[in-house]
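*Asks:* here is the input, now give the coordinates:
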Amino acid sequence: MQQQTPRDVSAEIARSWLLVAATRPEDFDAAEASRADQIILDVEDAVDPRRKDSARGDIVDWLSSGGSGWVRINDRTSDFWSDDVDALAGLPGLRGVMLAKTEAGAHVTETFDRLRGTTPVIALVESALGIEEAAAIARARGAYRLAFGSGDYRRDTGTSADDLAMAYPRSRLVVASRVGKLPGPIDGPTVGTSHPVLREQSSVAVALGMTGKLCLDLEQLPIINEVISPTRSDVAWAREFLADFEARGRVIRDGSDLPRLGRAEKIDRLARAFGVEPA
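*Replies:* Modelled structure (predicted):
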């Protein structure tokens with residue numbers, strides 16, 4: 001598989017989203033050069049409240065000096081939200097923000113408006129209330145994608161990390177994204193160094209309809225990118241189907257043709273974006 005760079009893969013279809021603590025500006029350049037489709041500089045949970053100002057300043061300096069990335073900002077109800085959006089508004093390297101602990105559509109819209117109405121907002125849903133309000137959040141003006149803050153959700157609800165227990169909130173975000181006409185949601189990170197566990201959890205997320213995953217470690221990136229990409233055999237099937245469909249004059253033969261056409265076109269589009277060649 002040809003590896004695309006972060007600048008090659010649109011955030012709309014980005015698979016891997018690498019979180020980088022804003023307290024480690026020495027890591028920003030390496031993250032940008034990594035195999036992550038997109039990077040997120042984290043000024044929220046990764047930063048002690050006493051260091052928010054200095055960490056925010058480091059982000060501003062980097063984004064103003066040629067760096068490019070997303071920023072996870074503090075939630076709308078926090079004491080830090082206003083300073084975050086005011087500092088980031090209009091920065092040349094800012095691709096968008098991830099709004100922590102989103103629980104209402106108004107949180108997204110107010111953030112979007114304070115960022116001058118041009119910066120996309122990924123709503124990070126991390127609580128029971130946020131899951132219940134997911135459709136309204138997805139419909140909010142300025143919403144770009146939804147993301148799942150799985151760790152905080154488990155803490156809020158007492159839910160285990162079991163796949164069955166986590167299927168409901170993930171599926172809610174998938175359905176809400178469709179209702180809001182957004183791309184598929186971004187799954188929460190897998191904590192730990194076990195690559196088989198990461199592969200399994202990424203596969204489960206894909207099976208539920210999620211199309212991206214947060215990441216905490218550079219070594220996780222290749223696995224996430226591989227699992228969320230179409231397989232080489234899927235690409236071969238899609239291109240064979242599309243070639244046959246064109247050869248017969250795009251004639252619909254039965255009720256299965258249109259669903260298969262939609263699937264084939266999607267696979268082909270993603271394969272071209274991710275550099276996946278057929279088997």
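*Asks:* any weak-confidence spans in this structure?
*Replies:* Residues of the chain meeting the criterion pLDDT under 70: 1-7.
*Asks:* quick one, strands of this structure?
*Replies:* Remark: strands assigned in the chain by DSSP state E are 16-21, 38-42, 69-73, 94-99, 121-125, 143-148, 186-187, 212-215.
*Asks:* closest one to Trp237 among those strands?
*Replies:* When those are ranked by proximity to Trp237, the top entry is strand 212-215, at 23.5 Å, counting by CB to CB. Placement of C-beta: from N, CA and C, glycine included.
*Asks:* what does the closest one rub up against?
*Replies:* Strand 212-215 is contacted by residues 14-19, 36-37, 40, 145, 147, 184-190, 202, 205, 221, 224, 228 when judged by CB atoms under 8 Å, 6 or more residues apart in numbering.
*Asks:* isn't Ala176 right next to Glu132, touching?
*Replies:* No. In this structure, Ala176 is not within contact of Glu132 by CB atoms under 8 Å, at 10.1 Å.
*Asks:* ok, the two, which is more surrounded?
*Replies:* Ala176 (23 against 14; other CB atoms under 10 Å).
*Asks:* what distance do you get for that one to Ala36?
*Replies:* Using CB to CB, to the nearest Å, Ala176 is found at 25 Å from Ala36.
*Asks:* coming back round to it: how about a markdown table for the strands of the chain, with mean neighbour count added?
*Replies:* Listed next are the strands of the chain as a markdown table, based on neighbours: other CB atoms under 10 Å:
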| stretch | mean neighbour count |
| --- | --- |
| strand 16-21 | 24 |
| strand 38-42 | 27 |
| strand 69-73 | 26 |
| strand 94-99 | 24 |
| strand 121-125 | 28 |
| strand 143-148 | 26 |
| strand 186-187 | 27 |
| strand 212-215 | 28 |
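*Asks:* will you turn these into a markdown table that also has distance to Asp53?
*Replies:* Below are those laid out as a markdown table (distance: least, CB to CB, whole Å):
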| stretch | distance to Asp53 |
| --- | --- |
| strand 16-21 | 15 |
| strand 38-42 | 15 |
| strand 69-73 | 14 |
| strand 94-99 | 18 |
| strand 121-125 | 22 |
| strand 143-148 | 25 |
| strand 186-187 | 28 |
| strand 212-215 | 25 |
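*Asks:* ok, which of these comes nearest Asp163?
*Replies:* Among the strands of the chain, strand 186-187 sits nearest to Asp163 (CB to CB), with 11.7 Å.
*Asks:* what residues does that closest one touch?
*Replies:* In contact with strand 186-187 (CB under 8 Å, 6+ apart) are residues 17, 122, 145-148, 150, 170, 201-202, 205, 210-214.
*Asks:* pick out the most distant pair among those.
*Replies:* Greatest spatial distance among the contacts of strand 186-187 (CB to CB): Ile122 and Gln201, at 20.0 Å.
*Asks:* give the contact list for Val108.
*Replies:* Contacts of Val108 (CB under 8 Å, 6+ apart): Leu99, Thr102, Val121, Ala123, Ile137, Ala140, Arg141, Gly142, Ala143.
*Asks:* the first one bridge partners, please.
*Replies:* Yep, that's Leu99 we're talking about. Ile73, Ala123 (DSSP bridges).
*Asks:* list the contacts of it.
*Replies:* Ile73, Asp75, Arg76, His107, Val108, Thr111, Val121, Ile122, Ala123, Leu124.
*Asks:* if we go to 6 Å?
*Replies:* For Leu99, the contact set (CB atoms under 6 Å, 6 or more residues apart in numbering) comprises Thr111, Val121, Ala123.
*Asks:* next, count neighbours for the first one.
*Replies:* Counted with other CB under 10 Å, residues neighbouring Thr111 total 24.
*Asks:* quick one: it and Val121 touch, right?
*Replies:* Yes. Counting by CB atoms under 6 Å, Thr111 touches Val121, with 5.3 Å between them.
*Asks:* next, count neighbours for Glu277.
*Replies:* Counted with other CB under 10 Å, Glu277 comes out at 11.
*Asks:* oh, I was asking about Glu200
*Replies:* By other CB under 10 Å, neighbour count at Glu200 equals 14.
*Asks:* from Gly209, how far off is it?
*Replies:* Glu200 is 17 Å from Gly209, by CB to CB.
*Asks:* do Phe28 as well
*Replies:* 32 Å.
*Asks:* in terms of neighbours, single out the busier of these two.
*Replies:* Higher neighbour count among Phe28 and Gly209: Phe28, with 20 against 15, using other CB under 10 Å.
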